[in-house]
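Participant: The sequence isn't on hand, but the structure is:
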């Protein structure tokens, strides 16, 4: 038990934390989270512009138009949690 406590558990933890699969999953999660943040921020900003200027800002040419970034983020979160 002493060996397991002093060395075994730390070896398992290091193996998990240094795994390539975890690194890839976290990298994908960061990219998708950032994309969703940009999309949500752009949508919020355009709503403020519409409200302030009393115009209908055309967002159809934005990079995030029609992209369901929230669904991609939810999918990756589920995959990460089951990793």
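Facilitator: Arrived safely, thanks for sending. Here the structure is a predicted model, which is why all the values come from computation and not from measurement.
Participant: any low-confidence regions in the protein?
Facilitator: By pLDDT under 70, the chain has no low-scoring segment.
Participant: any chance you could map the helices in it?
Facilitator: Ranges of helices within the chain are 2-3, 9-17, 20-53, 69-81, based on DSSP state H.
Participant: For the ones you listed, give me a markdown table that also has distance to residue 60.
Facilitator: In short, each C-beta sits where N, CA and C put it, glycine included. Formatted as a markdown table, these follow (distance: least, CB to CB, whole Å):
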| stretch | distance to residue 60 |
| --- | --- |
| helix 2-3 | 64 |
| helix 9-17 | 44 |
| helix 20-53 | 11 |
| helix 69-81 | 16 |
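Participant: can you put those helices in JSON lines and add mean neighbour count?
Facilitator: Compiled in JSON lines, the helices of the chain are given as follows (neighbours: other CB atoms under 10 Å):
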{"stretch": "helix 2-3", "mean neighbour count": "8"}
{"stretch": "helix 9-17", "mean neighbour count": "10"}
{"stretch": "helix 20-53", "mean neighbour count": "13"}
{"stretch": "helix 69-81", "mean neighbour count": "13"}
